[in-house]
Each structure stands twice: as C-alpha cells, then as structure tokens.
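**Q** pasted the sequence and its predicted model underneath.
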Amino acid sequence: MNGYLKVENSPKLHGDMSLIGAKNAVLVIMASLILTDGKSTLKNVPCSDDVMQMINLLRELGAEVSFDQDEHVLLVDTTFIRKYQVKKEIMKRMRASILVMGPLLVRFKKADIALPGGCVIGARPINFHLKNLRKLGATIQIEGEYLFAKVEKLIPQRIVLEYPSVGATENVLMAALGAKGITTIINAALEPEVLDLIRVLQKMDAAIQIEGPATIIVEGGKVLKPVEYEVMHDRLEAGSLIVATAVTGGSITLSQAPAFMMDVFLMKLQEMGHNIEIGSDGIGVSLKATRYPKAVSFKTAPYPGFPTDLQAPMMVAQCLASGRAVIDEAVFENRLLHVQELQKMGAQIKVDGNRATVTGVDQLYGAPVIATDIRAGCALLIAGLCAKGITTLSGVHHLSRGYESIQTKLSKMGASIEYVESAVFDRHEKDCTKEYY
Ligand code: EPU
C-alpha cells in the first residue's frame with residue numbers, strides 16, 4: 001500500500017464483528033505443510049501481505065498454491081516441492097520465513113536460505129533456532145547473509161530453551177518430527193498460535209503431547225499426511241478491535257473471539273473500568289466502554305502473560321485514562337517506537353529503557369504519524385480515532401502485513417478512515433522504513 005490513511009475523530013464505535021484467522025498461526029502452519037506430500041486445505045486464512053509472502057515462498061520451493069481470498073480458503077499441493085533453497089529477496093520480506101528451516105531439514109536434509117529480515121522492534125536474533133537445530137544434528141554454516149544447513153540424520157534430543165521463543169519452539173518442534181524417537185522441548189513457548197500448529201501437526205498424524213511445566217514431547221519419525229484445517233481466530237485482531245472501541249467509548253461484540261486465551265488483557269480492560277462479558281464456553285467477548293477509564297499498569301510476557309503484540313494498542317488506551325500507567329515491554333528490546341508518534345499527538349509519555357510511563361491527558365490531537373511495525377500502526381490508527389482533528393498515518397503497508405483490513409472493520413463500526421494515494425507519502429515511507437526489511 002503506497003499512501004496514507006486519513007483518520008477522523010470517531011463517534012462511539014459499535015457493532016458485532018467477525019474475526020480473521022490468526023496471522024501468527026497461519027504462517028507457521030503454511031510452513032509446516034512442507035512436512036507433508038500432497039494436497040492440504042487451510043480455511044479461515046487471512047488475506048494479509050505476510051500470508052501472500054508465505055505463498056510466494058512455498059511457490060518458490062515448487063508447491064502449487066491457490067488462494068480463494070473471498071472464501072479465505074488456501075489450497076497447497078506440496079507434491080512437487082523439489083527445492084530446498086529460498087532466495088534472499090523472499091527471506092528478507094518477513095521474519096516468519098525462518099520457519100521453513102526445520103521442515104526443509106526434515107524433507108530434504110538440507111536448507112539453503114538467507115537470514116530472515118531484521119525488524120525494527122528489536123534485533124530478533126535466531127540463535128535459539130540455530131543452537132537447537134544443531135543439537136538435533138544439523139550442521140549450519142553462515143556465510144554473509146546466507147545460511148547453509150544440512151543433516152545426515154536428525155537425532156532426538158532433550159532440548160532446553162533458555163527463553164520460550166515462539167519461533168524457536170515451532171522450528172525445533174517441526175525438525176524434531178524428522179528425528180526417529182522422543183524429543184522433549186523444555187521451557188517451550190505455549191502461545192495459542194503454537195498450540196494451533198500442534199493441532200495441525202497432530203491432524204497430520206504426528207505424535208505430540210504437552211506436559212507441565214511448558215514441555216512439548218514429540219515422537220518423531222512418522223510419515224505425515226496432508227490436512228484440512230481451520231485456522232484459529234486472531235486474538236490480536238480481537239484485542240485491537242476491542243481497544244479501538246474502548247477509546248471511543250463504544251460497544252462491541254466479537255462472538256468468535258477466543259476469550260479464554262485473552263485473560264490478562266481482558267482483566268486489564270476490566271481494571272480500567274470497562275464492562276466485559278465473556279461467552280459461557282470462553283468463546284466470545286462483549287465490551288461496553290466506561291466513560292471514565294482509569295489508567296492501569298502492565299508488563300508484557302510470554303503467554304499467558306500480557307501479549308507484547310497488544311502493548312502498543314493498549315498504551316493508546318492509557319493515554320486518555322485518568323492517572324498514570326507504567327508499561328514494561330519485556331519481550332522485545334525495541335518495541336516502544338510508537339511512543340514518539342503518540343507524543344506528536346499530545347500524549348504524555350516518558351520512556352526509560354523499555355519502560356513507558358503514561359500520564360493520562362484530556363485530549364489527543366490529530367497529527368501526521370508514521371507506523372514502524374504492524375502493531376504500532378494499529379495503535380496509531382486507534383489513536384487517530386480518539387484524537388481531535390485529522391490524523392494522517394503513513395507506513396500503512398505495515399498494517400496490511402498483519403491485518404486483512406482492520407480499517408474496513410472499524411469503518412463498518414462507525415469510524416471515518418480514508419485511504420489516500422500519495423507519491424509524497426510513498427517516498428517518505430520508504431525513507432523511514434527501508435532498513436526494516
Ligand atoms: N529471541 C532471541 N533469539 C532467538 C529467538 C528469539 O533472542 O533465536 C528473542 C527475540 O529477540 C525477542 C524474544 O526472544 O526479544 C521473543 O521472540 P520470539 O522468538 O518469541 O518471537 P518470534 O517468534 O520472532 C512471534 C510472532 C510475533 C510476536 C512474538 C511474541 C510470528 C510470525 N511472530 O515472533 O508477532 O510478537 O512471537 O509473541 O509468529 C506481530 O504479530 O506483530 C509479531 C511481531
């Protein structure tokens with residue numbers, strides 16, 4: 001998307017909205033299809049730019065892919081995957097491309113790829129991926145930006161992750177499926193999206209169990225079959241829509257929202273004074289916003305803690321709440337870049353390292369702001385809804401990497417958001433974002 005979003009101060013948003021499939025589940029699930037030979041069908045696949053990039057990657061390897069974007073159905077035939085090399089240009093577009101490494105090692109015993117794109121939210125190294133794939137028997141050489149991995153035979157192991165990295169857990173788990181015998185992954189990430197991957201792998205016939213505390217047990221060596229699977233609904237899109245509604249003082253019902261996976265986030269909204277109702281089986285959330293929100297402090301953490309991906313949107317809600325909120329970003333080392341944009345809109349925020357202290361103000365003001373990553377973009381869009389005057393948001397391509405079209409959903413709920421083509425903004429965006437890919 002070249003251009004910017006023009007966001008007006010919004011009336012109270014209200015409505016019942018449906019949710020797309022979770023980006024962070026579908027990307028790894030698509031990578032996992034490399035483990036199978038044949039035709040798989042994924043349903044509830046969001047039409048976001050990262051999904052398009054993963055489609056390109058699978059096609060580059062030789063898969064036949066067709067995507068019905070209206071029905072959100074993705075057909076992937078992996079029968080003709082013959083390549084284990086991925087071009088640098090494709091790898092650089094998206095961090096999630098590293099997730100093909102484990103499956104390629106299982107299928108070909110080789111993976112020649114490039115280092116994945118760096119990202120503005122932090123250094124995002126892949127040391128946990130490499131260390132533990134090596135432990136499973138892989139030899140990995142890094143030459144410049146290229147990464148050459150091979151393995152004679154994957155060997156089952158007891159893997160201990162020093163941090164429950166989502167991507168490292170997923171990569172190691174998929175590689176372990178090619179190691180005949182039992183691999184245990186200790187201190188594994190158990191984010192709902194990892195669990196969705198596990199459900200898909202189990203449907204493929206993989207033997208995987210989860211045991212406390214945070215241990216995944218994999219019995220590798222089985223032939224995995226193609227699947228038909230419906231991707232989980234996106235808890236992060238749900239959270240984003242909920243915060244957008246809350247800051248406008250409105251009400252929303254998301255009957256598909258996986259509320260049972262959103263406990264800490266929903267608890268914090270309740271502490272702000274918002275009225276939250278959850279469906280009896282833990283599915284579905286309704287929010288009625290309070291007129292007098294109170295500031296709440298929170299700290300991001302691996303699941304089931306407060307999700308880092310909702311830190312930026314939730315910070316916007318604190319900007320207009322009464323009192324002071326202390327927000328600690330403890331997952332990524334550089335995920336407070338939205339702060340300087342919110343400051344341009346009149347927010348009172350002080351940053352000290354990875355801690356942002358927000359003092360609520362009566363009003364935010366529309367300003368030209370720039371999205372630096374997916375969730376920062378969403379946060380600034382939300383800030384535009386509750387700011388006086390017009391906000392112009394550039395860097396919109398970040399939003400479309402992670403959301404199918406959140407602006408359309410917000411517009412359906414009453415927001416006034418217009419996409420404006422602009423060569424000037426286009427140049428500006430490129431200047432500001434070139435290093436992120
Ligand atoms: N880390 C390392 N070494 C590694 C791997 C991770 O030091 O080898 C560090 C990272 O630098 C970071 C922390 O560990 O500070 C957590 O990273 P993690 O590996 O858990 O994250 P990820 O797999 O790269 C996924 C999501 C992110 C989400 C995080 C945390 C996908 C495609 N991405 O990233 O989603 O924020 O988990 O939940 O699944 C987003 O959707 O906007 C997004 C960034």
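**A** In hand now; what should we look at?
**Q** what residues does the protein have near the ligand?
**A** Counting by CB under 6 Å from any ligand atom, the chain comes close to the ligand at 23-24, 27, 95-96, 122-129, 163, 165-168, 189, 191, 193, 308-309, 331-333, 374-375, 402. (Each C-beta comes from the backbone N, C-alpha and C, glycine too.)
**Q** swap in 5 Å and give it another go.
**A** Listed as neighbours of the ligand in the chain under the rule CB under 5 Å from any ligand atom: 24, 96, 122, 124-128, 165-168, 308-309, 332, 374-375.
**Q** ok, the residue lying closest to D362 once chain neighbours are set aside - contacts?
**A** Leaving out its chain neighbours, the residue that sits closest to D362 by CB to CB, 6 or more residues apart in numbering is L320, at 7.7 Å. Remark: with contacts taken as CB atoms under 8 Å, 6 or more residues apart in numbering, L320 is in contact with 247, 293, 360-364, 386.
**Q** element containing L269?
**A** helix 263-272 (DSSP states H and E).
**Q** could you list the residues in contact with that helix?
**A** Helix 263-272 is contacted from outside by 239, 242-243, 246, 259, 276, 278, 285, 287, 290, 293-296, 298, 304-307, 310, 314, 317, 321, using CB under 8 Å, 6+ apart.
**Q** 6 Å - rerun?
**A** The contact list for helix 263-272 (CB atoms under 6 Å, 6 or more residues apart in numbering) reads 239, 276, 293-294, 296, 298, 305-306, 310.
**Q** mind listing the helices for the stretch 251-400 of the chain?
**A** In chain order, the stretch 251-400 of the chain shows helices spanning 263-272, 311-319, 338-344, 374-385, 396-402, with DSSP state H, counting those that start in this stretch as the criterion.
**Q** mean pLDDT lowest where, among those?
**A** Lowest mean pLDDT within the helices of the stretch 251-400 of the chain: helix 396-402, at a mean of 91.
**Q** check which helix or strand covers the residue in the chain positioned nearest to the ligand.
**A** Proximity of the chain to the ligand (CB to the nearest ligand atom) peaks at G167, 2.9 Å away. Using DSSP H and E, G167 sits within helix 166-176.
**Q** what is the subsequent helix or strand relative to that helix?
**A** strand 181-186.
**Q** buried residues in that next one, which are they?
**A** 182-185 (16 or more other CB atoms under 10 Å).
**Q** measure how far it is from the centre of its chain, please.
**A** Its chain's C-alpha centre and that of strand 181-186 lie 26 Å apart, by CA atoms, centre = their mean, to the nearest Å.
**Q** on contacts alone, who are the packing partners of it?
**A** In terms of contacts (3 or more CB pairs under 6 Å, 6 or more residues apart in numbering; DSSP states H and E), strand 181-186 is packed against strand 158-160, strand 215-220.
**Q** ranking those strands by burial, who's on top?
**A** strand 215-220 (a mean of 20; mean count of other CB atoms under 10 Å).
**Q** so what strands line up beside that strand?
**A** strand 181-186 (antiparallel), strand 207-211 (antiparallel) (DSSP bridges).
**Q** TSV please, covering the ones you listed and showing distance to N2 and mean pLDDT.
**A** Compiled in TSV, these are given as follows (distance: least, CB to CB, whole Å; pLDDT from 0 to 100):
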stretch	distance to N2	mean pLDDT
strand 181-186	42	98
strand 207-211	43	98
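**Q** is it true that S66 touches L74?
**A** No: the pair S66 / L74 is not scored as a contact, 7.6 Å apart, by CB atoms under 6 Å.
**Q** with neighbour numbers in mind, choose between the two.
**A** L74 (28 against 10; other CB atoms under 10 Å).
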